[in-house]
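**Q** Test case, fold it:
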Amino acid sequence: MRVAFVNPQGNFDPHNSYLASHPDFGGQLVYVREVARVLGEMGHHADIVTRQVIDPDWPEFAGKTDAYPGQDNVRVLRVPCGPDRFLPKEELWPYLGEWAERVAALYEQEGSWPELWTGHYADGGLAAALLSEASGAPFTFTGHSLGAWKLDGLLRETDDLPAADARYNFGARIAAERASMARSVANVANSDAERREQYDHPAYRGAVDPTDDGRFAVVPPGVDFGIFDPEARSEQEEETRESIRAAHERDIDPGRRGLPAVIAWSRLDPKKNHLSLVEAFAGSDALRERANLVMITRGLDDPLRDPDEASGEERSVLDALIPTVDREDLWGGVSAFGLSGQTALAALYRWGAQTGGVFCLPAEYEPFGMTVVEAMASGLPVVATQNGGTRETTDEGRAGLLADPHDPEDIAAKLLSLLSDGEVWKAYAGRALERARNLYNWHRTAEGYLRLADEAARGERSGDPSFPIPDFARGPAPASLPRLRGWPDRPGHP
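**A** Residues are numbered from 1 along each chain as shown. Reported below is the predicted structural model:
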């Protein structure tokens, strides 16, 4: 079988250049690369179809074709559209119709179509809808993140809808998502919580019904066990441990440096709820006696003492954390410092596991919780928010404890239950590792896409081909983009 992964803004190359160093790149590229790689190893053919960029600042993406070493069944196909130069994803929308036409021409020239198109992110979903229409082959849609929720977050900071729409082209993005959801044979979600809550946004009503089992498939992503594993080692192992030691010497009282750590790793976003974790320490003498709190940030070396380099959103989090640390005199037992990259993160988790620590994600809501799964795969037991997909990743609390993110006492109690009893710690660490290995691996993810292709071929899955494709995606010429004229009131995150 040939599966084509549709990623206009993918920018894939054999060396994984810039994989996580640009806002347009990151998790979805890893997802596509890994599923394609495993499909190739299974004997199928996988094409990663993306946009050709001829730009001196991006020389890696100029060739029309590329391949990964040792992956003979995987091709990277780069197809041009619009100007040669690199375009951020917000500027790509007017050229998607042209890009899809040229992708179709490429396959027509080769004389065969893929048996399955799979579109990733909104632009890939819309292009896959066009390619499915041209070829008659089915397509799936994996949103990765949905524009309506992104816009909701922006509108909590400003009520200027026209400005947000003009900057990020939300009108085009949401129109693309609606067409992708309606016309695909399956909408692929990481978790059932993501399906039922994220796709239930009023912006998507009339395009898809999240309660319709025939329109969705839960296909969890996998973990890279070459990186996240108790026994794995990387070139950054000692460098990461040196960063941890330096932060301890700077921040942690000498008599406390042998204590295990409660590790929090997520961006400094109010929804990630670092404040409740700090308040859990502030309110529990027993927790402070048994562990230090270590918060990992991106690009901020000492944010609790030097918050001036933080962005606006990050600064708002720090402006709440720092007075709490001051008021409750938590200095000497709390550290915040920066680490970057998956290998450093995995080394941190291994250090945490070897010293008897715990990972904690107290987010108000988490659609899936990849950081939780990566900690589990590294042998580090977890305490996670009870709201969202973490209920599934932890098997309803059997492979990791669930806490009320709005109740610091509950967070403290769950952390103490792991930190106070070595046998309990070992039991949860073992169950977490077993669940990560058995369920969250890329082979299972690849099998999920093959199953959807088979079901579509048997007529068991179908989309709505009558749902309109946005006018701006028709034809090769740039067209005016749709604008949002109103926005539904939202009571807040589910």
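**Q** Please report the distance of residue 363 from residue 1.
**A** Counting by CB to CB, to the nearest Å, the gap from residue 363 to residue 1 is 38 Å. For the C-beta atoms, the positions are set from N, CA and C on the backbone; glycine is no exception.
**Q** of these two, who's got more company?
**A** Taking neighbours as other CB atoms under 10 Å, residue 363 and residue 1 compare with residue 363 leading, 25 against 16.
**Q** Next, count neighbours for residue 470.
**A** So residue 470, with other CB under 10 Å, has 21 neighbours.
**Q** wait, doesn't it sit right on residue 482?
**A** Yes. With contact defined as CB atoms under 8 Å, residue 470 counts as touching residue 482 (6.4 Å).
**Q** shared neighbours, the two?
**A** Both residue 470 and residue 482 are contacted by 172, 175, under the criterion CB atoms under 8 Å, 6 or more residues apart in numbering.
**Q** For residue 468, grab the count of nearby residues.
**A** For residue 468, using other CB under 10 Å, the count is 10.
**Q** Revised request: answer the last question for residue 444.
**A** Residues near residue 444, counting by other CB under 10 Å, number 15.
**Q** From residue 417, how far out is the residue lying closest to it once chain neighbours are set aside?
**A** Spatial nearest neighbour of residue 444, chain neighbours left out: residue 222 (6.8 Å); criterion: CB to CB, 6 or more residues apart in numbering. Taking CB to CB as the measure, residue 222 falls 29 Å from residue 417.
**Q** Enumerate every residue touching residue 240.
**A** Taking CB under 8 Å, 6+ apart as the contact definition, residue 240 lies against 339, 343-344, 347-348, 351.
**Q** meant to ask about residue 2, not that
**A** 44-47, 112, 114-116.
**Q** now residue 272
**A** Going by CB under 8 Å, 6+ apart, residue 272 touches 266, 317, 361-364.
**Q** any idea which element residue 317 lies in?
**A** Taking DSSP states H and E as the definition, residue 317 sits inside helix 312-327.
**Q** Run the chain-centre distance for the helix or strand that comes right after that helix.
**A** Downstream of helix 312-327, the first helix or strand assigned by DSSP H and E is strand 334-338. Computed by CA atoms, centre = their mean, to the nearest Å, the separation of strand 334-338 from the middle of its chain amounts to 23 Å.
**Q** how many neighbours does residue 394 have?
**A** Residue 394: 25 surrounding residues under other CB under 10 Å.
**Q** show me the contacts for the residue lying closest to it once chain neighbours are set aside.
**A** Distance criterion CB to CB, 6+ apart; nearest residue to residue 394, sequence neighbours excluded, is residue 400 at 3.6 Å. Going by CB under 8 Å, 6+ apart, residue 400 touches 372, 376, 381-384, 390, 393-394, 428, 431-432.
**Q** likewise residue 488?
**A** Neighbouring residues of residue 488 by CB under 8 Å, 6+ apart: 202-203.
**Q** Shouldn't it be within a helix?
**A** No. Counting by DSSP: H, G, I helix; E, B strand; the rest coil, residue 488 is not part of a helix but coil.
**Q** Against residue 200, how distant is it?
**A** Distance from residue 488 to residue 200, counting by CB to CB: 12 Å.
**Q** picking that back up, can you name the two of the contacts of residue 272 that sit furthest apart?
**A** 317 and 361 (14.8 Å; CB to CB).
**Q** circling back: of residue 222 and residue 417, which one has the most company?
**A** Neighbour totals were compared for residue 222 and residue 417, and residue 222 leads with 23 against 15 (other CB under 10 Å).
**Q** In the stretch 101-250 of the chain, mark out all the helices, start to finish.
**A** Here the stretch 101-250 of the chain has its helices, by DSSP state H, counting those that start in this stretch, at 121-135, 147-155, 161-168, 170-183, 192-193, 237-251.
**Q** can you put those in TSV and add mean pLDDT?
**A** Listed next are those as TSV, based on pLDDT from 0 to 100:
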stretch	mean pLDDT
helix 121-135	98
helix 147-155	91
helix 161-168	94
helix 170-183	97
helix 192-193	92
helix 237-251	96
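**Q** Buried among the contacts of residue 240? Make that a ChimeraX selection.
**A** To isolate the buried members of the contacts of residue 240 in ChimeraX, using 16 or more other CB atoms under 10 Å:
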select :339,343,344,347,348,351
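**Q** From the contacts of residue 240, pick the one nearest residue 285.
**A** Among the contacts of residue 240, and counting by CB to CB, the member closest to residue 285 is residue 351, at 25.6 Å.
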